[in-house]
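J.: Any chance you can model this:
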Amino acid sequence: MERLYPQLILDALKNVRYPGSGKNIVEAGMVEDDIRIDGKRVTLSLVFDRPTDPFIKSVVKAAETAINTYISPEVEIKGNISVKTKQVAPQPAVKPLAGVKNIIGVSSGKGGVGKSTVASNLAVALAAEGYRVGLLDADIFGPSMPKMFGVEDETLYMHKVDGRELIIPLVRYGVKLLSIGFLVDKNKPVLWRGSMASNALKQLITDADWGELDYFVIDMPPGTSDIHLTLVQTLGITGVVIVSTPQEVALADARKGVAMFTDPKVNVPVLGMVENMAWFTPEQHPDERYYIFGREGAVKMAKELGVKLLAQIPVVGSICEGGDDGEPIALKDTVAGEAFRHLGREVIEAVDERNATLPETVKVELKKG
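T.: Residues are numbered from 1 along each chain as shown. Next up is the predicted model:
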(Lines give C-alpha, C1' and ligand atoms only; values in the text may rest on other atoms or scores of the structure.)
Protein backbone atom coordinates (compact mmCIF):
# COMPACT_ATOMS: atom_id res chain seq x y z
CA MET A 1 0.00 0.00 0.00
CA GLU A 2 1.36 3.42 -0.92
CA ARG A 3 2.03 6.06 1.72
CA LEU A 4 -1.14 7.86 2.78
CA TYR A 5 -1.48 11.64 2.73
CA PRO A 6 -4.54 13.99 2.90
CA GLN A 7 -4.72 14.84 -0.81
CA LEU A 8 -4.84 11.13 -1.67
CA ILE A 9 -7.87 10.80 0.61
CA LEU A 10 -9.53 13.84 -0.96
CA ASP A 11 -8.97 12.51 -4.47
CA ALA A 12 -10.70 9.27 -3.52
CA LEU A 13 -13.62 11.14 -1.94
CA LYS A 14 -14.16 13.11 -5.16
CA ASN A 15 -15.76 9.90 -6.46
CA VAL A 16 -18.60 10.21 -3.94
CA ARG A 17 -21.58 12.32 -4.96
CA TYR A 18 -24.10 13.83 -2.58
CA PRO A 19 -27.56 12.77 -3.89
CA GLY A 20 -29.14 16.04 -2.85
CA SER A 21 -27.11 18.15 -5.28
CA GLY A 22 -25.27 15.71 -7.55
CA LYS A 23 -21.93 17.34 -6.64
CA ASN A 24 -19.05 15.31 -5.25
CA ILE A 25 -18.66 15.74 -1.50
CA VAL A 26 -15.28 17.49 -1.81
CA GLU A 27 -16.61 20.04 -4.29
CA ALA A 28 -19.68 20.53 -2.09
CA GLY A 29 -17.44 21.42 0.88
CA MET A 30 -18.65 18.49 2.96
CA VAL A 31 -15.18 17.17 3.89
CA GLU A 32 -13.66 19.00 6.84
CA ASP A 33 -9.94 19.94 6.92
CA ASP A 34 -9.29 17.54 9.79
CA ILE A 35 -8.12 14.43 7.94
CA ARG A 36 -5.89 12.49 10.33
CA ILE A 37 -3.57 9.66 9.28
CA ASP A 38 -1.91 7.22 11.68
CA GLY A 39 -0.27 4.44 9.73
CA LYS A 40 -3.11 2.63 7.93
CA ARG A 41 -5.76 4.29 10.08
CA VAL A 42 -7.60 7.29 8.64
CA THR A 43 -10.15 9.45 10.43
CA LEU A 44 -12.12 12.38 9.01
CA SER A 45 -15.36 14.33 9.36
CA LEU A 46 -18.21 14.94 6.92
CA VAL A 47 -20.45 17.97 7.34
CA PHE A 48 -24.18 17.92 6.55
CA ASP A 49 -26.66 20.77 6.65
CA ARG A 50 -28.84 19.15 9.30
CA PRO A 51 -28.84 16.06 11.54
CA THR A 52 -31.98 14.72 9.86
CA ASP A 53 -30.43 14.61 6.38
CA PRO A 54 -31.81 11.38 4.81
CA PHE A 55 -28.56 10.67 2.94
CA ILE A 56 -26.12 10.65 5.90
CA LYS A 57 -25.76 6.87 6.21
CA SER A 58 -25.49 6.24 2.47
CA VAL A 59 -22.89 9.00 1.96
CA VAL A 60 -20.74 7.80 4.87
CA LYS A 61 -20.82 4.25 3.54
CA ALA A 62 -19.99 5.46 0.03
CA ALA A 63 -17.03 7.44 1.40
CA GLU A 64 -15.68 4.36 3.18
CA THR A 65 -16.07 2.31 0.01
CA ALA A 66 -14.37 4.96 -2.15
CA ILE A 67 -11.29 5.11 0.08
CA ASN A 68 -10.94 1.32 0.16
CA THR A 69 -11.56 1.08 -3.59
CA TYR A 70 -9.46 3.94 -4.97
CA ILE A 71 -6.60 3.74 -2.45
CA SER A 72 -6.41 0.31 -0.82
CA PRO A 73 -8.68 -2.15 1.04
CA GLU A 74 -6.01 -2.08 3.76
CA VAL A 75 -6.94 1.47 4.78
CA GLU A 76 -8.71 1.36 8.14
CA ILE A 77 -11.59 3.76 7.52
CA LYS A 78 -14.74 1.85 8.46
CA GLY A 79 -16.26 3.46 11.55
CA ASN A 80 -13.72 6.29 11.48
CA ILE A 81 -15.86 8.87 9.68
CA SER A 82 -17.63 11.22 12.05
CA VAL A 83 -20.67 13.29 11.09
CA LYS A 84 -21.10 16.97 11.89
CA THR A 85 -23.94 19.34 11.09
CA LYS A 86 -23.85 23.05 10.28
CA GLN A 87 -25.10 25.51 12.83
CA VAL A 88 -28.06 27.15 11.13
CA ALA A 89 -30.80 29.42 12.41
CA PRO A 90 -34.06 27.59 13.13
CA GLN A 91 -36.52 27.76 10.26
CA PRO A 92 -40.14 28.78 10.78
CA ALA A 93 -42.60 25.93 11.05
CA VAL A 94 -44.13 24.90 7.75
CA LYS A 95 -47.59 23.41 7.53
CA PRO A 96 -47.24 19.87 6.16
CA LEU A 97 -48.66 19.39 2.65
CA ALA A 98 -50.06 22.92 2.51
CA GLY A 99 -50.67 22.56 -1.25
CA VAL A 100 -52.57 19.26 -0.97
CA LYS A 101 -56.35 19.30 -1.18
CA ASN A 102 -57.24 15.75 -0.15
CA ILE A 103 -55.21 13.18 1.79
CA ILE A 104 -56.35 9.57 1.37
CA GLY A 105 -55.01 6.82 3.63
CA VAL A 106 -55.10 3.22 2.38
CA SER A 107 -55.03 0.86 5.34
CA SER A 108 -55.59 -2.77 6.26
CA GLY A 109 -55.92 -4.66 9.51
CA LYS A 110 -53.34 -7.24 8.48
CA GLY A 111 -50.63 -7.81 5.91
CA GLY A 112 -50.98 -9.88 2.77
CA VAL A 113 -54.34 -8.54 1.63
CA GLY A 114 -52.97 -6.49 -1.27
CA LYS A 115 -53.10 -3.07 0.39
CA SER A 116 -50.05 -1.74 -1.48
CA THR A 117 -51.41 -3.04 -4.78
CA VAL A 118 -54.66 -1.18 -4.10
CA ALA A 119 -52.83 2.02 -3.07
CA SER A 120 -50.56 2.08 -6.13
CA ASN A 121 -53.35 1.37 -8.60
CA LEU A 122 -55.68 3.87 -6.91
CA ALA A 123 -53.04 6.59 -7.32
CA VAL A 124 -52.52 5.70 -10.99
CA ALA A 125 -56.28 5.58 -11.59
CA LEU A 126 -56.73 9.05 -10.06
CA ALA A 127 -53.90 10.43 -12.19
CA ALA A 128 -55.50 8.87 -15.29
CA GLU A 129 -58.66 10.86 -14.47
CA GLY A 130 -56.60 14.03 -14.86
CA TYR A 131 -55.91 14.86 -11.22
CA ARG A 132 -52.59 15.85 -9.67
CA VAL A 133 -51.60 12.93 -7.46
CA GLY A 134 -48.89 12.10 -4.94
CA LEU A 135 -48.19 8.70 -3.38
CA LEU A 136 -46.30 8.14 -0.13
CA ASP A 137 -45.15 4.62 0.72
CA ALA A 138 -45.52 4.82 4.51
CA ASP A 139 -45.16 1.06 4.96
CA ILE A 140 -41.83 1.67 6.69
CA PHE A 141 -40.92 -1.95 7.36
CA GLY A 142 -42.02 -3.38 4.02
CA PRO A 143 -41.77 -0.69 1.33
CA SER A 144 -42.91 -2.06 -2.02
CA MET A 145 -43.75 0.98 -4.15
CA PRO A 146 -40.29 1.27 -5.78
CA LYS A 147 -40.74 -2.26 -7.13
CA MET A 148 -44.35 -1.71 -8.17
CA PHE A 149 -43.43 1.43 -10.12
CA GLY A 150 -40.21 0.03 -11.59
CA VAL A 151 -37.98 2.65 -9.94
CA GLU A 152 -35.98 0.55 -7.46
CA ASP A 153 -32.62 1.79 -8.69
CA GLU A 154 -33.50 5.47 -9.02
CA THR A 155 -31.59 8.11 -7.02
CA LEU A 156 -33.33 10.87 -5.08
CA TYR A 157 -32.16 14.47 -5.34
CA MET A 158 -32.89 17.65 -3.44
CA HIS A 159 -33.35 21.26 -4.44
CA LYS A 160 -33.96 24.54 -2.68
CA VAL A 161 -37.49 25.93 -2.39
CA ASP A 162 -38.02 29.20 -0.53
CA GLY A 163 -34.72 28.73 1.27
CA ARG A 164 -35.42 25.11 2.27
CA GLU A 165 -33.67 22.01 0.92
CA LEU A 166 -36.46 19.62 -0.14
CA ILE A 167 -36.44 16.08 -1.52
CA ILE A 168 -37.72 15.87 -5.10
CA PRO A 169 -40.29 13.05 -5.47
CA LEU A 170 -39.93 10.76 -8.45
CA VAL A 171 -42.66 11.01 -11.08
CA ARG A 172 -44.01 7.85 -12.69
CA TYR A 173 -47.28 7.37 -14.61
CA GLY A 174 -48.28 10.92 -13.63
CA VAL A 175 -47.85 10.18 -9.90
CA LYS A 176 -45.33 11.88 -7.59
CA LEU A 177 -43.78 9.10 -5.51
CA LEU A 178 -41.65 8.79 -2.39
CA SER A 179 -40.81 5.72 -0.33
CA ILE A 180 -38.47 4.87 2.52
CA GLY A 181 -37.40 2.11 0.13
CA PHE A 182 -35.33 4.71 -1.77
CA LEU A 183 -33.25 5.41 1.35
CA VAL A 184 -32.48 1.90 2.64
CA ASP A 185 -30.80 -1.25 1.29
CA LYS A 186 -33.55 -3.20 -0.48
CA ASN A 187 -31.84 -6.49 0.42
CA LYS A 188 -31.77 -5.86 4.16
CA PRO A 189 -34.58 -5.56 6.72
CA VAL A 190 -35.39 -2.15 8.19
CA LEU A 191 -34.59 -2.54 11.89
CA TRP A 192 -35.93 0.65 13.46
CA ARG A 193 -37.63 1.40 16.72
CA GLY A 194 -41.03 3.06 16.51
CA SER A 195 -39.75 6.59 17.11
CA MET A 196 -37.10 6.24 14.38
CA ALA A 197 -39.70 5.01 11.90
CA SER A 198 -42.05 7.87 12.79
CA ASN A 199 -39.31 10.47 12.36
CA ALA A 200 -38.28 9.05 8.97
CA LEU A 201 -41.89 9.17 7.87
CA LYS A 202 -42.35 12.76 9.01
CA GLN A 203 -39.30 13.74 6.98
CA LEU A 204 -40.70 12.22 3.78
CA ILE A 205 -43.83 14.27 4.37
CA THR A 206 -42.47 17.61 5.55
CA ASP A 207 -39.08 17.72 3.79
CA ALA A 208 -40.28 16.87 0.29
CA ASP A 209 -41.42 19.15 -2.52
CA TRP A 210 -44.89 17.69 -3.10
CA GLY A 211 -46.20 20.93 -4.58
CA GLU A 212 -49.86 21.38 -5.49
CA LEU A 213 -51.84 18.12 -5.43
CA ASP A 214 -55.49 17.19 -5.67
CA TYR A 215 -54.97 13.80 -4.01
CA PHE A 216 -52.20 12.55 -1.74
CA VAL A 217 -52.48 8.78 -1.31
CA ILE A 218 -50.71 7.17 1.66
CA ASP A 219 -49.94 3.45 1.68
CA MET A 220 -50.07 2.87 5.44
CA PRO A 221 -48.38 -0.05 7.22
CA PRO A 222 -50.67 -2.97 8.07
CA GLY A 223 -52.25 -3.21 11.50
CA THR A 224 -52.74 -0.47 14.07
CA SER A 225 -49.57 1.16 15.37
CA ASP A 226 -47.90 4.40 16.40
CA ILE A 227 -47.13 5.01 12.70
CA HIS A 228 -50.86 5.43 12.11
CA LEU A 229 -51.09 7.85 15.03
CA THR A 230 -48.12 9.81 13.65
CA LEU A 231 -49.88 10.22 10.31
CA VAL A 232 -53.16 11.22 11.93
CA GLN A 233 -51.45 13.74 14.22
CA THR A 234 -49.20 15.18 11.49
CA LEU A 235 -51.76 15.45 8.69
CA GLY A 236 -55.39 16.40 8.29
CA ILE A 237 -56.43 13.15 6.62
CA THR A 238 -59.55 13.51 4.46
CA GLY A 239 -60.48 9.86 4.88
CA VAL A 240 -59.23 6.28 4.74
CA VAL A 241 -59.90 3.33 2.47
CA ILE A 242 -59.90 -0.02 4.29
CA VAL A 243 -58.68 -3.03 2.30
CA SER A 244 -59.62 -6.61 3.16
CA THR A 245 -60.03 -9.99 1.53
CA PRO A 246 -63.27 -11.99 1.99
CA GLN A 247 -61.60 -14.29 4.54
CA GLU A 248 -62.87 -14.21 8.12
CA VAL A 249 -59.38 -13.75 9.61
CA ALA A 250 -58.77 -10.70 7.39
CA LEU A 251 -62.21 -9.30 8.13
CA ALA A 252 -61.65 -9.53 11.88
CA ASP A 253 -58.53 -7.38 11.54
CA ALA A 254 -60.25 -5.01 9.12
CA ARG A 255 -62.93 -4.46 11.73
CA LYS A 256 -60.21 -3.36 14.20
CA GLY A 257 -58.88 -0.95 11.59
CA VAL A 258 -62.30 0.64 11.10
CA ALA A 259 -62.71 0.89 14.88
CA MET A 260 -59.33 2.63 15.24
CA PHE A 261 -60.06 5.34 12.68
CA THR A 262 -63.60 5.96 13.94
CA ASP A 263 -62.49 6.14 17.58
CA PRO A 264 -63.24 9.66 18.89
CA LYS A 265 -59.54 10.16 19.75
CA VAL A 266 -58.57 9.53 16.11
CA ASN A 267 -61.73 10.62 14.31
CA VAL A 268 -60.76 10.00 10.68
CA PRO A 269 -63.68 9.33 8.27
CA VAL A 270 -63.77 5.91 6.61
CA LEU A 271 -64.48 6.58 2.93
CA GLY A 272 -65.29 2.92 2.35
CA MET A 273 -63.99 -0.63 2.02
CA VAL A 274 -62.32 -2.47 -0.84
CA GLU A 275 -62.78 -6.22 -1.10
CA ASN A 276 -59.55 -7.40 -2.69
CA MET A 277 -59.14 -10.92 -4.08
CA ALA A 278 -62.93 -11.03 -4.21
CA TRP A 279 -62.85 -13.92 -6.67
CA PHE A 280 -60.50 -15.55 -9.16
CA THR A 281 -61.09 -14.85 -12.84
CA PRO A 282 -59.04 -16.57 -15.56
CA GLU A 283 -57.62 -13.92 -17.88
CA GLN A 284 -59.00 -15.69 -20.96
CA HIS A 285 -62.47 -16.21 -19.40
CA PRO A 286 -63.43 -12.91 -17.74
CA ASP A 287 -67.03 -14.03 -17.13
CA GLU A 288 -65.97 -16.92 -14.90
CA ARG A 289 -65.69 -16.40 -11.14
CA TYR A 290 -64.22 -18.75 -8.54
CA TYR A 291 -64.60 -17.65 -4.90
CA ILE A 292 -61.41 -19.18 -3.53
CA PHE A 293 -61.13 -16.92 -0.45
CA GLY A 294 -64.79 -16.86 0.52
CA ARG A 295 -67.67 -14.91 -0.91
CA GLU A 296 -68.61 -11.27 -0.26
CA GLY A 297 -67.24 -11.18 3.29
CA ALA A 298 -66.20 -7.53 2.97
CA VAL A 299 -69.48 -6.71 1.24
CA LYS A 300 -71.40 -7.95 4.26
CA MET A 301 -69.06 -6.23 6.73
CA ALA A 302 -69.35 -2.88 4.93
CA LYS A 303 -73.13 -3.13 5.18
CA GLU A 304 -72.91 -4.14 8.85
CA LEU A 305 -70.59 -1.26 9.76
CA GLY A 306 -72.51 1.26 7.70
CA VAL A 307 -69.61 2.11 5.39
CA LYS A 308 -69.56 2.21 1.60
CA LEU A 309 -68.27 -0.70 -0.46
CA LEU A 310 -66.01 1.08 -2.94
CA ALA A 311 -64.98 -1.84 -5.14
CA GLN A 312 -64.47 -5.58 -5.46
CA ILE A 313 -61.13 -6.43 -7.06
CA PRO A 314 -60.74 -9.88 -8.65
CA VAL A 315 -57.63 -12.04 -8.53
CA VAL A 316 -56.08 -12.04 -12.00
CA GLY A 317 -52.55 -13.14 -12.87
CA SER A 318 -51.78 -9.86 -14.61
CA ILE A 319 -52.14 -7.93 -11.33
CA CYS A 320 -49.12 -9.71 -9.85
CA GLU A 321 -47.22 -9.51 -13.13
CA GLY A 322 -47.92 -5.78 -13.41
CA GLY A 323 -46.64 -5.13 -9.89
CA ASP A 324 -43.50 -7.17 -10.47
CA ASP A 325 -42.85 -5.49 -13.83
CA GLY A 326 -43.33 -1.98 -12.45
CA GLU A 327 -46.45 -1.26 -14.50
CA PRO A 328 -49.65 -1.01 -12.39
CA ILE A 329 -52.58 -2.95 -13.81
CA ALA A 330 -54.80 0.17 -13.68
CA LEU A 331 -53.00 1.28 -16.83
CA LYS A 332 -54.25 -1.72 -18.81
CA ASP A 333 -57.54 -2.45 -20.51
CA THR A 334 -58.34 -5.62 -18.56
CA VAL A 335 -60.98 -6.79 -16.09
CA ALA A 336 -58.68 -5.96 -13.17
CA GLY A 337 -57.64 -2.66 -14.74
CA GLU A 338 -61.26 -1.58 -15.04
CA ALA A 339 -61.91 -2.64 -11.43
CA PHE A 340 -59.17 -0.27 -10.22
CA ARG A 341 -60.37 2.55 -12.46
CA HIS A 342 -63.84 2.02 -10.99
CA LEU A 343 -62.29 2.26 -7.52
CA GLY A 344 -60.70 5.58 -8.49
CA ARG A 345 -64.06 7.01 -9.57
CA GLU A 346 -65.72 5.74 -6.38
CA VAL A 347 -63.06 7.37 -4.20
CA ILE A 348 -63.51 10.67 -6.04
CA GLU A 349 -67.25 10.46 -5.39
CA ALA A 350 -66.74 9.53 -1.72
CA VAL A 351 -64.35 12.47 -1.22
CA ASP A 352 -66.81 14.85 -2.90
CA GLU A 353 -69.58 13.60 -0.60
CA ARG A 354 -67.38 14.06 2.43
CA ASN A 355 -66.33 17.57 1.38
CA ALA A 356 -69.95 18.50 0.74
CA THR A 357 -70.64 18.03 4.46
CA LEU A 358 -67.84 20.37 5.54
CA PRO A 359 -68.37 24.02 6.51
CA GLU A 360 -67.96 26.46 3.63
CA THR A 361 -64.70 27.76 5.09
CA VAL A 362 -62.90 24.42 4.67
CA LYS A 363 -64.37 23.07 1.45
CA VAL A 364 -62.01 22.42 -1.44
CA GLU A 365 -62.59 22.63 -5.15
CA LEU A 366 -60.75 20.07 -7.24
CA LYS A 367 -59.33 21.10 -10.57
CA LYS A 368 -57.96 18.56 -12.98
CA GLY A 369 -54.39 19.42 -13.76
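J.: Phi and psi next, for the closest residue to K86 other than its chain neighbours.
T.: Leaving aside its sequence neighbours, K86 sits nearest to D49 (Cβ to Cβ, 6 or more residues apart in numbering; 5.4 Å). For glycine as for every other residue, the C-beta is placed from the backbone atoms N, C-alpha and C. For D49, the backbone dihedrals (degrees, to the nearest 10) come out as phi -70, psi -30.
J.: Can you report how many residues lie near D49?
T.: Residues near D49, counting by other Cβ atoms under 10 Å, number 13.
J.: same deal with the one 3 residues further on?
T.: Counted with other Cβ under 10 Å, the burial measure for T52 works out to 14 neighbours.
J.: mind checking the SS state of it?
T.: Assigned by DSSP: H, G, I helix; E, B strand; the rest coil, the conformation of T52 is coil.
J.: Pretty sure it sits against L204.
T.: No - look at T52 against L204 with Cβ atoms under 8 Å: they stay out of range, at 11.1 Å.
J.: ok so, going back, how much space between the residue nearest to K86 and Y70?
T.: As judged by Cβ to Cβ, to the nearest Å, D49 and Y70 stand 26 Å apart.
J.: G105 too?
T.: 46 Å.
J.: So between the two, which is more surrounded?
T.: Neighbour totals were compared for G105 and Y70, and G105 leads with 26 against 16 (other Cβ under 10 Å).
J.: Run a quick neighbour tally on the residue nearest to the more buried one when sequence neighbours are not counted.
T.: Once flanking residues are discounted, G105 sits nearest to V240: 4.0 Å by Cβ to Cβ, 6+ apart. Neighbourhood size, V240 [other Cβ under 10 Å]: 28.
J.: next one: phi and psi at V240?
T.: According to degrees, to the nearest 10, V240 has phi -120, psi 150.
J.: If it is in a bridge, with which residues?
T.: For V240, the beta-bridge partners are G105, V270 (DSSP bridges).
J.: check contacts around it.
T.: Counting by Cβ atoms under 8 Å, 6 or more residues apart in numbering, V240 makes contact with 104-107, 220, 261, 268-271.
J.: Can you give me the distance of it to V249?
T.: With Cβ to Cβ as the criterion, V240 and V249 are 21 Å apart.
J.: on that earlier part again, now the residue nearest to K86: how far from Y291?
T.: Here D49 is placed at a distance of 55 Å from Y291 (Cβ to Cβ).
J.: And L271, by the same measure?
T.: Counting by Cβ to Cβ, the gap from L271 to Y291 is 25 Å.
J.: okay, the two: which has more neighbours?
T.: For L271 versus Y291, neighbours defined as other Cβ under 10 Å are more numerous around L271 (24 against 13).
J.: Tell me if I'm right that the more buried one and E349 touch.
T.: No - between L271 and E349 there is no contact under Cβ under 8 Å: 9.5 Å.
J.: Next up, phi/psi of the most centrally placed residue in the chain, please.
T.: The residue lying closest to the centre of the chain (Cα atoms, centre = their mean) is D137, at 1.9 Å. For D137, the backbone dihedrals (degrees, to the nearest 10) come out as phi -80, psi 90.
J.: quick one: contacts for it?
T.: So D137 contacts 116, 143-146, 177-181, 219 (Cβ under 8 Å, 6+ apart).
J.: In the stretch 151-300 of the chain, where is pLDDT below threshold?
T.: For the stretch 151-300 of the chain, the stretches with pLDDT under 70 are 184-198, 223-226, 229.
J.: Mind jotting down where the strands sit in it?
T.: 157-161, 164-168, 170-172, 175-179, 213-219, 239-244, 270-280 (DSSP state E, counting those that start in this stretch).
J.: and D34, which of those is closest to it?
T.: strand 164-168 (24.3 Å; Cβ to Cβ).
J.: Name the surrounding residues that touch the closest one.
T.: With contact meaning Cβ under 8 Å, 6+ apart, strand 164-168 is reached by 20, 49, 54, 91, 94, 156-160, 178, 204, 207-209.
J.: try it again with 10 Å
T.: Strand 164-168 is contacted by residues 19-21, 49-50, 53-55, 91-92, 94, 156-161, 176, 178, 182-183, 203-204, 206-211 when judged by Cβ atoms under 10 Å, 6 or more residues apart in numbering.
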